[in-house]
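Student: coords below, sequence missing:
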């Protein structure tokens, strides 16, 4: 099973963004890396000058580079930007909005988790248009994942396995509105929250996280305990979404558990240490509310009695 590093969803400082990918290239045991600004086109100019060096470093270190498209295309300049991206023939493009597919044509490409692929018929439609990788939406239960993956043995089925869940995208910028700014004059205030802005209910309970125009979960998806079931469901890749923590260490933990070099219990304890301030969840894959953390079913190399002590 492959490991994919998804695109950085947050507004990080350009140099930190560059250095993050340099370290991923040289140290992280991931097979595929998605790069590019996919949340807000206004952020793109900050990273443009660093993009060639990042891509070169990733490719030189043996990573497959995939270019990510915008999730929401609403402006003329964004349509031109996506057309230019789709015209790139050196690297595969991941379409996060179906408008991008018109420019890609039938060339090999990937489908991101922001496109609504909820059944095998939809997945087959995209595969017939040239999709070689499909990252399914994170809210799908295991039964749906199993059905879709089994129906398309020639396509790599990918699952969102670590990170805050991207739930929705909007034309409005929540960060700008909070700071009493317009979207056109946002002053890029989203950079003040490099791991998302926590949102609580009226009762003070953690609920969501804001990331500019994007709504995300408060909890961090963590499917480390579900890797055996996902493997049996013919899932070909797990996606790790960058958070403000040591993502190289996160990738190593997932790789070690997948390879049988580390137990789930040991890996989970280490993940709790690496990313301690956000609760973990895997409810969606178990057909439960997304914020729930379900203990894994006893399986290969796991001890169910020991595992229950973690929850």
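Tutor: Right, received. Where do you want to start? Remember, it's a predicted structure, so these values are computed and weren't measured experimentally.

Student: residue 50 touches residue 14, doesn't it?
Tutor: Yes. Using Cβ atoms under 8 Å, residue 50 and residue 14 qualify as a contacting pair, with a distance of 6.0 Å. Bear in mind the C-beta positions are built from the backbone N, C-alpha and C, glycine included.

Student: show me the shaky parts of the stretch 201-311 of the chain.
Tutor: For the stretch 201-311 of the chain, the stretches with pLDDT under 70 are 298-311.

Student: quick one, strands of it?
Tutor: Across the stretch 201-311 of the chain, reading from the start of the chain, the strands by DSSP state E, counting those that start in this stretch fall at 206-211, 214-222, 237-240, 280-281.

Student: please identify the pairing partners of the shortest one and their relative orientation?
Tutor: The pairing partners recorded for strand 280-281 under DSSP bridges are strand 214-222 (parallel).

Student: between the partner strand and strand 206-211, what angle do the directions make?
Tutor: Counting by axes from the mean of the first three to the mean of the last three Cα atoms, to 10 degrees, strand 214-222 points 120 degrees away from the direction of strand 206-211.

Student: neighbouring contacts of strand 214-222?
Tutor: 9, 39, 71, 138, 160-170, 174, 196, 198-199, 206-210, 241, 243, 268, 271, 275, 278-282, 284, 290-291, 293 (Cβ atoms under 8 Å, 6 or more residues apart in numbering).

Student: ok, 6 Å please
Tutor: Under the contact criterion Cβ atoms under 6 Å, 6 or more residues apart in numbering, strand 214-222 has outside partners 39, 162, 164-169, 196, 206-209, 278-281, 291.

Student: are any of those buried, and which?
Tutor: With neighbours counted by 16 or more other Cβ atoms under 10 Å, these contain buried members at 39, 162, 164-166, 169, 196, 208-209, 278, 280-281, 291.

Student: between those residues, which is closest to residue 235?
Tutor: Distance to residue 235 across the buried ones among the contacts of strand 214-222 (Cβ to Cβ) is lowest for residue 162, with 13.9 Å.

Student: what's near enough to touch the closest one?
Tutor: Counting by Cβ under 6 Å, 6+ apart, residue 162 touches 222, 240.

Student: so which pair among the buried ones among the contacts of strand 214-222 is furthest apart in space?
Tutor: By the measure Cβ to Cβ, 169 and 280 form the most distant pair in the buried ones among the contacts of strand 214-222, at 23.8 Å.

Student: what's the burial count for the residue nearest to residue 107 when sequence neighbours are not counted?
Tutor: Of all residues beyond its chain neighbours, the one nearest residue 107 is residue 130 (5.8 Å), with distances taken as Cβ to Cβ, 6 or more residues apart in numbering. Applying other Cβ atoms under 10 Å, we find 15 other residues in the vicinity of residue 130.

Student: just residue 134 next, same as before
Tutor: A count of neighbours around residue 134, defined by other Cβ under 10 Å, yields 25.

Student: so which strand or helix has it?
Tutor: Under the criterion of DSSP states H and E, residue 134 resides in strand 131-135.

Student: tell me which strands and helices that strand is in contact with?
Tutor: Strand 131-135 is packed against strand 109-111, strand 156-169, with contacts defined by 3 or more Cβ pairs under 6 Å, 6 or more residues apart in numbering; DSSP states H and E.

Student: how far away is residue 179 from residue 169?
Tutor: Look at residue 179 and residue 169: by Cβ to Cβ, to the nearest Å, they are 20 Å apart.
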